[in-house]
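Q: Just need the structure, nothing else, for what follows:
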Amino acid sequence: MNCPICGKNHKVELKERKAITIIKGLKVEYDEKYYICPDSKGDNEFTTGSMENENLLNARNAYRKQKGLLTSYEIVEIRERYGLSQVDLSQVLGWGEATISRYESKAIQDAPYDNILRLIKNNPLVLYYFYIRNKENFNKNKEAVFLERINEELSKHGRENIARNKLESFYLNYMEPSITNGFQVLNIDKLELIINYLAKHVKYLYKVKLMKMLWYTDILFYQKNKKSLTGLVYQHANMGALPIGHDAILQLDNVVFEEELAEDYDNVRYHIMYNEKLDLKTLSNDEKSIIDSVITKFDTMKTKDVVDYMHAEEAYKKTKDGEIIDYNWAELIQF
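A: This is a model prediction of the structure:
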């Protein structure tokens, strides 16, 4: 290529490194690409316009990941899954025509917009609802293909979406990041991963013990990162901290359990099993480190002992039945 460093036409070296920048006051690390002119010494690095755009996008996506937002690539994947252009998706959602284009290239979406995008990612029925509400703005020539894609997604993920919808319905009042959910909106994908990671490493994992281990995982992650892992909201219950919608958690498509008779033969208990279909490698080392510490603490403890341990927490002793146990209690956790 024509080298802007030496002014000659020759081969240049493509390099990649970790770079750090500040976005909206947050320090982020991202992958940065650049060229090297091998014929020059000293200041011999340069980038092209398209490379700078790619580097900026990498930086913004690194910021999105740190803030729990969908990346630009994930937004593209949602749009392409339904055969929509950037303008099409903006019109279906009732947004300005350039909104999706900006989110896929330069702008970082605010949390309310991200919540909507996350909902349509997980639930085709939500996207269909927006279509019904805004269809007068939609391209009529694309309606048939779009509705066919909606039906395909519903057929493919129907059972899973019903279970997800049920759990999400409990969280309609917790759609904004707050101290109640640990500044993390409900993340069902992450929840399923954590449950299966626990099931893989804890031999006798029953429902009550699972719910306590989820609370400790979330509260400890919040203690370290000022953000919970799952976005679950916990209430004070007789058996300790209990996630809102706990019964719906067991109905999730990727959560597997076996019903067993309890020792008194009068009650049924739910033995959580490992689902080999899930790729646990997507959990980060930081996330696994927190989960591993919870496993080390409670693995060999009986359910009653785990409950008693949780009952000794200030978060439990100073809240009442049915009261939300928010993430402020992370400061007083005894672990």
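
Q: separation between the residue nearest to D43 when sequence neighbours are not counted and L210?
A: In this structure, D43 finds its nearest non-sequential neighbour in I5, 7.8 Å apart by C-beta to C-beta, 6 or more residues apart in numbering. Glycine gets a C-beta too; all of them are placed from N, C-alpha and C. Look at I5 and L210: by C-beta to C-beta, to the nearest Å, they are 59 Å apart.

Q: Same drill for these two, tell me which one is more crowded.
A: Each of I5 and L210 has its neighbours counted (other C-beta atoms under 10 Å); L210 has more, 26 against 17.

Q: Give the rounded mean pLDDT of the helix or strand containing that one.
A: Element membership for L210 (DSSP states H and E) is helix 207-225. Mean per-residue pLDDT for helix 207-225: 96.

Q: How far off centre is it?
A: Its chain's C-alpha centre lies 16 Å from the corresponding centre of helix 207-225 when counted by C-alpha atoms, centre = their mean, to the nearest Å.

Q: Now do that helix: which elements does it pack against?
A: In terms of contacts (3 or more C-beta pairs under 8 Å, 6 or more residues apart in numbering; DSSP states H and E), helix 207-225 is packed against helix 188-201, strand 240-243, helix 246-250, strand 268-273, helix 285-298, helix 303-311.

Q: can you give me the angle that helix makes with helix 285-298?
A: Here the directions of helix 207-225 and helix 285-298 differ by 130 degrees (axes from the mean of the first three to the mean of the last three C-alpha atoms, to 10 degrees).

Q: any low-confidence regions in this structure?
A: 157-161, 263-266 (pLDDT under 70).

Q: Please enumerate the helices of it.
A: Counting by DSSP state H, the chain has helices at residues 49-66, 72-81, 86-93, 99-105, 111-122, 124-134, 143-169, 188-201, 207-225, 246-250, 285-298, 303-311, 314-317.

Q: quick one: the longest one to helix 124-134, angle?
A: Following the same axes, to 10 degrees, one obtains 120 degrees for the angle between helix 143-169 and helix 124-134.

Q: buried stuff in helix 143-169?
A: 146, 149-150, 153, 160-161, 163-164, 167-168 (16 or more other C-beta atoms under 10 Å).

Q: mind giving me TSV with the residues you listed and columns for distance to G94?
A: Shown next, in TSV, are these (distance: C-beta to C-beta, whole Å):
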residue	distance to G94
F146	15
R149	19
I150	17
E153	20
E160	26
N161	22
A163	28
R164	23
L167	26
E168	20
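
Q: For those, work out which two are farthest apart.
A: Longest distance between any two of those is 27.0 Å, between F146 and L167; criterion C-beta to C-beta.

Q: now the residue nearest to R133 when sequence neighbours are not counted: how far from I75?
A: Distance criterion C-beta to C-beta, 6+ apart; nearest residue to R133, sequence neighbours excluded, is G94 at 6.8 Å. Distance of G94 to I75, given as C-beta to C-beta: 16 Å.

Q: So between the two, which is more surrounded?
A: More crowded of G94 and I75, by other C-beta under 10 Å: I75, with 21 against 13.
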